[in-house]
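**Q** Only the shape, not the letters, is given here:
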């Protein structure tokens, strides 16, 4: 069957498009796009460098603030960030900042990758746990400052969600891996298949490094606790297969995706574009409570995905281990708020019905990773303003600390950057002693 | 509806727009098409002695994504045989009796050569002759073009030869590559020229290739100055046009002026008329977009004239010339300040940085609660459009400190967002000239100047 496939949705800008678009930028002073960018890239500066055909300088301007500029150019919700703040949006349409950023970054990656200037070696070393956006950003920023950095990554490939969890339509795996290579070229060592608690220990890290940064993200998808759940596909695995095992992936004929966050949306896109006949998203609350970005919701509606609000699965119907349907119940929102501050949904008695389905995918939020000995805040690792956990010398950032504010790639990059600055201050302080990590 | 027709020293055309002597008027076939498109006249590409042209003869200056703000060329006069040109001139004039057909000429600086070319042009039935004293490249190396226009004595002598021979109107085309445009213009008037035209192209080098380090355009490894024209030269042309209109001798000579230099739109055309032009010549805009632009040149000009109640180009002509003056006559007590329309302002802060870095530091940015804030005041953890938009400060002019320099007005990208508002200065009108006469010390001595400022309440910060 002919499918739409998951090739990168937006084509690269042509030279002509990039120049016309770059010239549209007004070169605002103290620009609101830069303010809105969580990493505060000097956006007008990098855009004007595109206009003057100084693409090397343009990419460097981006990397000065954000080492994962190529990933962020693709995955950032620019409508909510830089482009949403563009002054031209008031009378006209915003400058295509994301695509211009990708244009500048791809230019240098297509020509051997960017080179970053590194400070002389400090003799200090830092361990980073997790090679996702937070870990890579932190590691790169520390390497810039002359520190010796080793990343321990539990998976086979670096890049974290950029490699495994962002659908190719937004970011192909190659784009993510090129950034991993760039970080390695800054002198960062990446040891894969190394997981905290499995084949590395705090004790060992404490012996070997001046500080540790945790950028471990979140864990597996939460369980829903319904009969037949073992037949349901984990949404993150679903996306991972679509990226790394595209042709061998099993796509159902009638696919139901449970959840209405950005991961659920991506799962629905995968199913829709790789050959499902019907794709239905279920959400137990209403459109108002949805955590997916509005522009993404609009996108999947155009793709042909059906969304059923106020619907909750109660049981997977199977025949000899094969899904044949999903029993659901209608929900209504009560007056009282639940633990998330939203109106609590409750089942409507006797409203059970069956949705035909041969594949069910769940994207109902990820479990928090428990790291022994660390204080937590609503299940997330608790950090202070310096990104330091309750254990001195042990820092953390990215999705694993995002108890407050939204979790996104660009926020993880900024966390890594700021944590690197904090770690640098700490380990370069005159009173710094090696092995400052104490038992928690 | 306004009547756009003109009578230029007896040369009639249905509208004031003529194609300038240049590549667009290289052949009869082109001029036929131009007249079909609606052009009022054409000045035939200069005819004269044999020449050979080179490739890569047109350079251009692009800026900010806009192509051809100016063109630069080392093309010579017509490289088609004289006989061919003369034959086609006959055909064009016969086919288009209502259009102005003027022939530009340039020959060796000998009376018999000029006598001969004038006779042959007149034999074609052309309406007039334009003397090309302006070509700044190639021909000038052979003692023609700008080599004549830059020496008033040559200009006068050759014009006399032509006037002795000619029975049809003669237009002397001036080069802008001189110190004072009035000097060669006076020479032409003294020699009895029927009319003047200006400006020819300016000397220019359009650029250097950063890969090869050769000049652009590159002519077999070499390059050099070429004639510069197009939108970028318009202000220079306007100034020279006004300089003729306000010159005692030229202005009072009654000689009509055919003006050119960057005319691209009807708005440009109107400005040239207001500063004294009788007819308007166009080249670069046509080389960029083709003959079809004549439609809006006429349509826009006509609509504007209707809106102003002007009946004909003659009715518009020179109406703004009386505004031309010298600095010494400007009212030093005139005061204007910039005012930002906050409903229109998009808060790009270009006015702020221009004023703060390069002008008079009199624009502040105000936070939401109405206090002056510093730019870049947001925290490192700030993110997302909401805060960026909602806390975006508003630039506002401190009018008491504003000198009215008008820089912010010029950089503002929003139509009619910043206005220059005339405000009373509280001082009696006075010009520098009057000050020199009334209080010469003030104009010569800083101590006296400071006392004068103090006394009259002029504060310069």
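**A** Perfect, thanks for sending it. Since we're looking at a predicted model, the values are computed, not measured.

**Q** domains of the chain?
**A** I went with chain A, as the question did not name one. A:15-109, A:125-219+A:370-428, A:229-362 (automatic domain parsing).

**Q** wait, I meant chain B there
**A** Split by automatic domain parsing, chain B gives B:6-322, B:327-426, B:430-461.

**Q** distance between the ends of stretch B:43-52?
**A** 21 Å (C-alpha to C-alpha, to the nearest Å).

**Q** brain fart, stretch B:334-351
**A** 22 Å.

**Q** Next: stretch B:413-430.
**A** For stretch B:413-430, the end-to-end distance is 34 Å (C-alpha to C-alpha).

**Q** buried sites along that stretch?
**A** B:414, B:417-418, B:425 (16 or more other C-beta atoms under 10 Å in any protein chain shown). In this view, the C-beta of every residue, glycine as well, is placed from N, C-alpha and C.

**Q** How about stretch A:290-308?
**A** For stretch A:290-308, by 16+ other C-beta under 10 Å, it's A:290-293, A:296-297, A:299-300, A:305, A:307.

**Q** would you turn the domains of chain A into a markdown table with distance to residue B:344 and mean pLDDT?
**A** A markdown table is the format used below for the domains of chain A (distance: least, C-beta to C-beta, whole Å; pLDDT from 0 to 100):
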| stretch | distance to residue B:344 | mean pLDDT |
| --- | --- | --- |
| domain A:15-109 | 9 | 97 |
| domain A:125-219+A:370-428 | 32 | 94 |
| domain A:229-362 | 28 | 92 |
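
**Q** I'd like to know which of the buried residues of stretch A:290-308 are part of strands.
**A** Under the assignment DSSP state E, the buried residues of stretch A:290-308 contribute residue A:307 to strands.

**Q** Which single one of the buried residues of stretch A:290-308 is nearest to chain B?
**A** Nearest to chain B among the buried residues of stretch A:290-308 is residue A:293, at 11.8 Å by C-beta to the nearest C-beta.

**Q** now that closest one, nearest residue through space, not along the chain?
**A** Closest residue to residue A:293 apart from its sequence neighbours, by C-beta to C-beta, 6 or more residues apart in numbering or on different chains: residue A:77 at 5.1 Å.

**Q** same deal with residue A:296?
**A** residue A:265 (4.9 Å).

**Q** Strands of the stretch 1-150 of chain B, start to end?
**A** Counting by DSSP state E, counting those that start in this stretch, the stretch 1-150 of chain B has these strands, from start to end: B:6-8, B:11-13, B:17-19, B:41-47, B:58-63, B:66-73, B:100-105, B:128-132.

**Q** Can you check which of these gets nearest to residue B:231?
**A** Taking C-beta to C-beta, strand B:66-73 is the member of the strands of the stretch 1-150 of chain B nearest to residue B:231, at 5.3 Å.

**Q** Just the buried residues of that closest one, please?
**A** Buried, per 16+ other C-beta under 10 Å, within strand B:66-73: B:68-73.

**Q** Which residue ranges of the stretch 201-350 of chain A form helices?
**A** Using DSSP state H, counting those that start in this stretch, the helices found in the stretch 201-350 of chain A span residues A:202-208, A:235-244, A:262-273, A:294-303.

**Q** Run through who's touching the last one.
**A** Helix A:294-303 has contacts (C-beta atoms under 8 Å, 6 or more residues apart in numbering or on different chains) with A:77, A:79, A:262, A:265, A:268-269, A:272-273, A:281, A:287, A:290, A:307.

**Q** Surely residue B:396 and residue B:366 touch.
**A** Yes - the criterion here is C-beta atoms under 8 Å, and residue B:396 meets it with residue B:366 at 5.5 Å.

**Q** any idea how far residue B:106 is from residue B:42?
**A** To residue B:42, residue B:106 is 17 Å away according to C-beta to C-beta, to the nearest Å.

**Q** Quick check: which of the domains of chain B is buried the most?
**A** Among the domains of chain B, domain B:6-322 has the highest mean neighbour count (mean count of other C-beta atoms under 10 Å in any protein chain shown), at a mean of 20.

**Q** tell me the mean pLDDT for that domain?
**A** Confidence for domain B:6-322, expressed as mean pLDDT, is 96.

**Q** which residue is nearest the centroid of the chain?
**A** Answering for chain A, as no chain was given. With distances taken as C-alpha atoms, centre = their mean, the residue of chain A nearest its centroid is residue A:409 (3.9 Å).

**Q** oops, chain B please
**A** Short answer for chain B (C-alpha atoms, centre = their mean): residue B:234, at 2.1 Å.

**Q** How about the secondary structure of the nearest residue to that residue once chain neighbours are set aside?
**A** In space, and not counting its chain neighbours, residue B:234 is closest to residue B:262: 3.2 Å by C-beta to C-beta, 6+ apart. Put simply, residue B:262 is coil when judged by DSSP: H, G, I helix; E, B strand; the rest coil.

**Q** same deal with the one 5 residues further on?
**A** Taken by three-state DSSP, the conformation at residue B:267 corresponds to helix.

**Q** Please identify the most buried of the helices of the stretch 201-350 of chain A.
**A** Per stretch, and counting mean count of other C-beta under 10 Å, the top mean among the helices of the stretch 201-350 of chain A goes to helix A:262-273, which has a mean of 26.

**Q** Measure how it sits relative to helix A:235-244, angle-wise.
**A** Angle, helix A:262-273 to helix A:235-244, by axes from the mean of the first three to the mean of the last three C-alpha atoms, to 10 degrees: 50 degrees.

**Q** how far away is residue B:93 from chain A?
**A** 44 Å (C-beta to the nearest C-beta, to the nearest Å).

**Q** Contact partners for that residue?
**A** Residue B:93 touches B:101, B:124-127, counting by C-beta under 8 Å, 6+ apart.
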